[in-house]
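Enquirer: Provide a 3D model corresponding to the input given below.
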Amino acid sequence: MEWQGTKALPTCRKTQAVREFMRVESEVLFSSRGLGWSGLLMEQHRFRAGEWPASTLSGPILCLWNNLETLRCDHPDANGHFVPKLVHPGTLSFYTAGDLPPAHPRSQIDGLICAFDSDFLLGVPQEIMSESNTRSVADGVISQDKRCFMDAPVQHILERLSEAARIRTLGSCYANHLISLLNARLLHILGMDANRIWLRNKIDVMTLRRLTDRVDATPNLDLDLDTLAVERGCSKRHLLRSFRASTGRSPHQYILDLRIEKARRLMLKPALSLIDIAFECGFASQAHFTYAFRQRQGATPSDYRRRL
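Expert: Residues are numbered from 1 along each chain as shown. Here you go, the predicted model:
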């Protein structure tokens, strides 16, 4: 099929949500439209590299990123700076109605997009529905991603539904059975992982933003627990408990991840050496930087930079 924009799509509710999620021109490889499926619209899209503008979703979307290799897609960090993120094959993204952040895929990317009927939302925990879709990344290392995950059963069901949509000879009863299994599995994941993936915000956003700004401006600043607790007006024990509830990490881990996030951003500047980046991000030595980076990224800074 030819590359086409969203104007060619019909205006039903589920198709509207797919159009809002896409935001850019794409090649439609197949679609379940007209197959009589109940409660789900599935379309396989191929996107070119480029800029995806911010958008607003009117309904829930699940996307399986089924590219054949790991790709780079830049997303905004906590300060709105675009940093390199890696989209691994098999990554699943779930988004509720609301604002979508911009994204910059650096190469062609394939996405199996699924839109649900409104009845599906009745089973989604309210805390997930009320969370925003912002700071969505595919690697989940820096921002403890709230929207992306991997699950073999969901991927297997989506692959079987994809086959049904492509060959268009399997009956709707078979597809609807798979859709029921998909809904049940997703609701199980969302309910089971609500406290892990969709973390409750126990520390206000402004506090985290001020901490992020301070680390960004003075990366080697030593912020101990006593200082942070006094600034928050609480005990160290309460600070640790609320920080973990909000971010999934201790203050020390959060600050270290902020430094790694800044390092990933600086790696886009070829004029900066890795030792310069290490000192700029508050690490005492390149060895310390390499150790911390490998612990969180699974690769050394030099190996990671070569993949950008």
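
Enquirer: following element in sequence after the helix or strand harbouring Thr290, please.
Expert: Assigned by DSSP states H and E, Thr290 falls within helix 286-297. Sequence-wise, the next helix or strand downstream of helix 286-297 (DSSP H and E) is helix 301-306.

Enquirer: which strands or helices does that next one pack on?
Expert: For helix 301-306, the packing partners by 3 or more CB pairs under 8 Å, 6 or more residues apart in numbering; DSSP states H and E come out as helix 274-280, helix 286-297. To be clear about C-beta, it is placed using only N, CA and C from the backbone, and glycine gets the same treatment.

Enquirer: who wins for proximity to Val124 among those?
Expert: Val124 lies closest, by CB to CB, to one member of these: helix 286-297, at 30.2 Å.

Enquirer: ok, which of the helices and strands packed on helix 301-306 comes nearest Leu240?
Expert: Comparing these by their distance to Leu240 (CB to CB), the top pick is helix 286-297, with 20.3 Å.

Enquirer: Ile113: which element?
Expert: Element membership for Ile113, per DSSP H and E: strand 109-116.

Enquirer: partners of that strand, with directions?
Expert: Strand 109-116 pairs in its sheet with strand 40-47 (antiparallel), strand 61-65 (antiparallel), by DSSP bridges.

Enquirer: what sits up against it?
Expert: Where contact means CB atoms under 8 Å, 6 or more residues apart in numbering, the residues beyond strand 109-116 that reach it are 13-15, 17-18, 21-22, 29, 39-47, 49, 59-68, 71, 73, 87, 158, 162, 182-183.

Enquirer: mean confidence score for that strand?
Expert: For strand 109-116, mean pLDDT rounds to 94.

Enquirer: okay, buried residues for that strand please.
Expert: Within strand 109-116, the residues that count as buried by 16 or more other CB atoms under 10 Å are Ile109, Asp110, Gly111, Leu112, Ile113, Cys114, Ala115, Phe116.

Enquirer: check stretch 50-58 too.
Expert: Under the neighbour-count criterion of 16+ other CB under 10 Å, stretch 50-58 has Trp52, Ser55, Leu57 buried.

Enquirer: as TSV, those residues with pLDDT would be great.
Expert: Output for those, formatted as TSV (pLDDT from 0 to 100):
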residue	pLDDT
Trp52	92
Ser55	91
Leu57	89
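
Enquirer: nearest to Leu190, of the residues you listed?
Expert: Set against Leu190, the nearest of these by CB to CB is Leu57 (16.2 Å).

Enquirer: how about the contacts made by the closest one?
Expert: When contacts are counted by CB under 8 Å, 6+ apart, Leu57 is found next to Ala17, Glu20, Phe21, Tyr95, Thr96, Ala97, Gly98, Asp99, Leu100, Asn133.

Enquirer: select only the buried ones of these in ChimeraX?
Expert: Those of the contacts of Leu57 that count as buried under 16+ other CB under 10 Å are selected in ChimeraX with:
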select :17,20,21,95,96,97,100,133
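
Enquirer: tell me which of the contacts of Leu57 is nearest to His188?
Expert: Thr96 (16.9 Å).
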